[in-house]
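Visitor: My questions are about this predicted structure, shown below with the sequence.
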Amino acid sequence: MQPTPSCLFIEGGHKLKGEVVISGAKNAALPALAATILAPGEYRFSNVPWLIDVQTMLDLLCRLGAQYETTNTALLLDTSQAKDTVAPYDIVSRMRASVLVLGPLLARYGRARVALPGGCPIGKRPIDFHLKGLELMGAKIHQDHGYVMAKAPRRGLSGAEIIFDFPSVTATENLMMAATLARGRTIIRNAAKEPEIVALGEMLLKMGAKIEGLGTETLFIEGVKELSPTEVSIIPDRIEAGTYLMAPGITGGEVIVKNTNPSHLETVIATLREIGLEIEVQGDTIFSHRGRNLKPVKVRTAPYPGFPTDLQAQVMALLSTVKGTSVIIENVFENRFLHVEELRRLGAAITVEGRVAVIQGVKKLQAAPVKATDLRASASLVLAALGAEGVTEISEIHHLKRGYEALAEKFNKLGAKIWEAPCQHHS
Ligand code: UD1
């Protein structure tokens with residue numbers, strides 16, 4: 001007999017009050033771990049979030065031959081024996097970001113065989129920008145039985161000018177990493193500018209890479225012969241911070257969000273203030289308080305420094321009970337409204353046409369059994385459930401564990417009532 005799956009149960013209606021400490025950013029940890037392939041040796045990482053996606057990247061590196069151990073405060077990773085060049089389907093299918101090993105493997109070993117990530121619930125999410133960029137750098141790439149087979153010419157990858165149609169985050173990271181060991185100069189135009197890319201660039205600089213233009217839309221990378229291992233502290237997770245900043249808007253009360261980088265959250269903070277939350281920044285701490293009258297707003301997601309698509313579902317949960325009509329335009333992914341159906345089950349009044357969602361604020365949401373459809377969607381259901389009447393049961397919570405460290409513990413410390421138990425309404 002199959003064991004009953006676990007669900008998250010959330011009793012709504014508790015005001016939040018207290019402090020929460022933000023973890024390291026998943027989306028900074030993943031490329032930083034992949035970058036260790038570029039220079040085999042011993043690395044020390046701190047502020048690594050303990051998440052399923054991070055575990056998946058470590059499993060992948062171990063499959064390539066790496067070893068790791070953890071201490072209370074650090075992750076020690078040794079890639080000196082990581083000489084295999086195959087990223088197998090059973091790991092890549094668990095996490096798309098596994099594709100981040102493609103550039104480093106090709107640059108370091110001249111070949112890579114990486115399974116195609118396959119379908120993803122939030123849109124097509126192809127990897128054509130990654131592949132086209134590597135081809136411009138001289139790689140020969142073809143597809144074979146579900147795998148991307150890539151080979152660099154005998155003398156290695158060479159510098160090239162790459163222009164993205166859209167500033168893709170992981171494609172920028174993959175090509176920046178590959179370019180650090182290519183012959184000559186690579187220019188990446190219309191590059192993504194997310195803080196996680198800047199953090200990766202800074203790690204590569206410490207390893208001996210030559211990169212200019214970090215944080216701008218044009219990156220110049222002068223290839224070097226060799227890089228060396230380094231120590232890295234992972235930057236705070238701006239998406240996790242944004243999620244906790246929104247919570248008092250739904251539950252009332254006040255949350256003090258610690259270990260953040262407020263400069264990474266400027267657009268998010270501006271949007272929350274426009275909605276009517278009282279937000280105050282002091283060093284790396286941000287105070288969020290509900291405020292009196294919340295107002296409906298128009299939110300457009302966009303590549304950084306725009307409003308992050310990874311907080312779109314959560315802000316929708318917040319706007320669901322804000323009186324009036326709010327509009328959300330999703331400009332990054334073409335199918336990232338899967339959470340709408342589930343929010344409707346909780347009583348939200350939302351209509352969607354193409355990339356536009358229109359939200360009519362309702363007085364109260366009501367608890368119901370709902371299903372997490374992807375990582376950020378699950379966070380929006382948690383937020384909605386915290387403000388709903390009754391006990392909400394969320395299934396498919398593995399999505400949540402991919403990206404939110406100790407979510408139930410952190411919210412419970414703030415006064416929420418969240419527990420994990422065998423599902424009752426979901427089989
Ligand atoms: C990264 C983040 C993810 C976030 C997203 C957008 C990581 C590990 N994940 O994902 O959390 O939601 O950025 O901020 O950092 N595209 C193509 N061809 C490509 C690559 C992308 O058409 O080769 C399109 C995508 O379909 C999408 C858009 O570009 O519409 C942006 O995607 P991208 O920035 O690549 O997202 P990821 O890097 O996968």
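Guide: That came in fine, so what should we check first?
Visitor: residues in contact with the nearest residue to Glu274 once chain neighbours are set aside?
Guide: Using Cβ to Cβ, 6 or more residues apart in numbering and skipping the chain neighbours, the partner closest in space to Glu274 is Val297 (5.2 Å). Placement of C-beta: from N, CA and C, glycine included. Listed by Cβ atoms under 8 Å, 6 or more residues apart in numbering, the contact partners of Val297 are 271, 274-275, 319, 326.
Visitor: Now with 10 Å, please.
Guide: By Cβ atoms under 10 Å, 6 or more residues apart in numbering, the contact list for Val297 reads 271-272, 274-276, 315, 318-319, 322, 324-328, 359.
Visitor: Name the member of those residues with the most neighbours.
Guide: Leu318 (30 neighbours; other Cβ atoms under 10 Å).
Visitor: Let's verify that one: helix, strand, or coil?
Guide: With DSSP: H, G, I helix; E, B strand; the rest coil as the basis, Leu318 sits in helix.
Visitor: That one and the ligand, how far apart?
Guide: When distance is defined by Cβ to the nearest ligand atom, to the nearest Å, Leu318 is 19 Å away from the ligand.
Visitor: ok, back up a step: state the phi and psi torsions of the residue nearest to Glu274.
Guide: phi -140, psi 170 (degrees, to the nearest 10).
Visitor: same question, Pro303
Guide: Residue torsions, per degrees, to the nearest 10, at Pro303 are phi -60, psi 160.
Visitor: pLDDT score assigned to it?
Guide: Here, the pLDDT recorded for Pro303 equals 98.
Visitor: Could you say which helix or strand holds the nearest residue to it once chain neighbours are set aside?
Guide: Leaving out its chain neighbours, the residue that sits closest to Pro303 by Cβ to Cβ, 6+ apart is Pro167, at 4.7 Å. In this structure, Pro167 sits in neither a helix nor a strand according to DSSP states H and E.
Visitor: Contact partners for Pro167?
Guide: 129, 188-194, 197, 217, 302-304, 332.
Visitor: Among these, which are located in strands?
Guide: Here DSSP state E is the test, and those give 188-189 as lying in strands.
Visitor: Narrow the contacts of Pro167 to those in helices?
Guide: 129, 197 (DSSP state H).
Visitor: Give the single residue among the contacts of Pro167 positioned nearest to the ligand.
Guide: For the contacts of Pro167, the residue nearest the ligand by Cβ to the nearest ligand atom is Phe129; the value is 3.3 Å.
Visitor: what comes into contact with the lowest-mean-pLDDT helix or strand in the chain?
Guide: Within the chain, no helix or strand scores below helix 398-403, which has a mean of 89 by mean pLDDT, DSSP states H and E. Applying Cβ under 10 Å, 6+ apart, the external contacts of helix 398-403 come out as 5-6, 8, 23, 25-27, 49-56, 94-95, 121, 237, 239-240, 243, 310, 371-379, 381-382, 394, 407-408.
Visitor: Can you give me the buried ones in that helix?
Guide: 399-403 (16 or more other Cβ atoms under 10 Å).
Visitor: which of the residues you listed lies closest to the ligand?
Guide: Once Cβ to the nearest ligand atom is applied, the member of the buried residues of helix 398-403 that ends up nearest the ligand is Gly403, at 8.0 Å.
Visitor: Pull up the gap between the closest one and Ile328, please.
Guide: Distance of Gly403 to Ile328, computed by Cβ to Cβ, to the nearest Å: 20 Å.
Visitor: so Ser98 sits in a helix?
Guide: Yes: counting by three-state DSSP, Ser98 is located in a helix.
Visitor: tally of neighbours for it?
Guide: The burial count for Ser98: 24, using other Cβ under 10 Å.
Visitor: Hmm, it is touching Leu58, no?
Guide: No: using Cβ atoms under 10 Å, Ser98 is not in contact with Leu58; the gap is 11.4 Å.
Visitor: My reading is that Gly242 is in a helix; is that accurate?
Guide: Yes: if the criterion is three-state DSSP, then Gly242 is within a helix.
Visitor: so Glu231 makes contact with Asn47?
Guide: No: if you go by Cβ under 10 Å, Glu231 and Asn47 don't touch, sitting 11.4 Å apart.
Visitor: which parts of the protein sit against the ligand?
Guide: 27, 30, 96-97, 123-130, 166, 168-171, 309-310, 332-333 (Cβ under 6 Å from any ligand atom).
Visitor: Can you pick out the residue with more neighbours from Glu231 and Asn47?
Guide: Of the pair Glu231 and Asn47, Asn47 is the one with more neighbours under other Cβ under 10 Å, namely 20 against 12.
Visitor: May I have the phi/psi pair for that one?
Guide: phi 60, psi 30.
Visitor: Provide a list of residues in contact with it.
Guide: 22-25, 28-29, 73-75, 232-237, 259 are the contacts of Asn47 under Cβ under 10 Å, 6+ apart.
Visitor: circling back to that earlier point, tell me the most packed of the contacts of Pro167, by neighbour count.
Guide: That'd be Ala191 among the contacts of Pro167, by other Cβ under 10 Å, with 27 neighbours.
Visitor: so where do the helices sit in the stretch 251-400 of the chain?
Guide: Secondary structure of the stretch 251-400 of the chain (DSSP state H, counting those that start in this stretch): helices at 266-275, 312-319, 339-345, 375-387, 398-403.
Visitor: And these: which comes nearest Lys15?
Guide: Nearest to Lys15 among those is helix 375-387 (9.8 Å), distances taken as Cβ to Cβ.
Visitor: Please name the nearest non-neighbouring residue to Gly306.
Guide: The nearest residue in space to Gly306 (Cβ to Cβ, 6+ apart) is Thr267, at 6.1 Å.
Visitor: try Lys17
Guide: Going by Cβ to Cβ, 6+ apart, Lys17 has Gly253 as its nearest residue, at 4.6 Å.
Visitor: on that earlier part again, so what's in contact with Glu231 and Asn47 at the same time?
Guide: By Cβ under 10 Å, 6+ apart, the residues touching both Glu231 and Asn47 are Ala74.
Visitor: mind checking how far Arg183 is from the ligand?
Guide: Taking Cβ to the nearest ligand atom, one finds Arg183 at 24 Å from the ligand.
Visitor: Now do that residue against Gly146, distance only.
Guide: For Arg183, the distance to Gly146 equals 31 Å [Cβ to Cβ].
Visitor: Would you agree Gln143 is in contact with Asp128?
Guide: No: the criterion here is Cβ under 10 Å, and Gln143 misses it with Asp128 at 11.7 Å.
Visitor: Neighbour count: Arg183 and Gly146, which is higher?
Guide: Each of Arg183 and Gly146 has its neighbours counted (other Cβ under 10 Å); Arg183 has more, 15 against 11.
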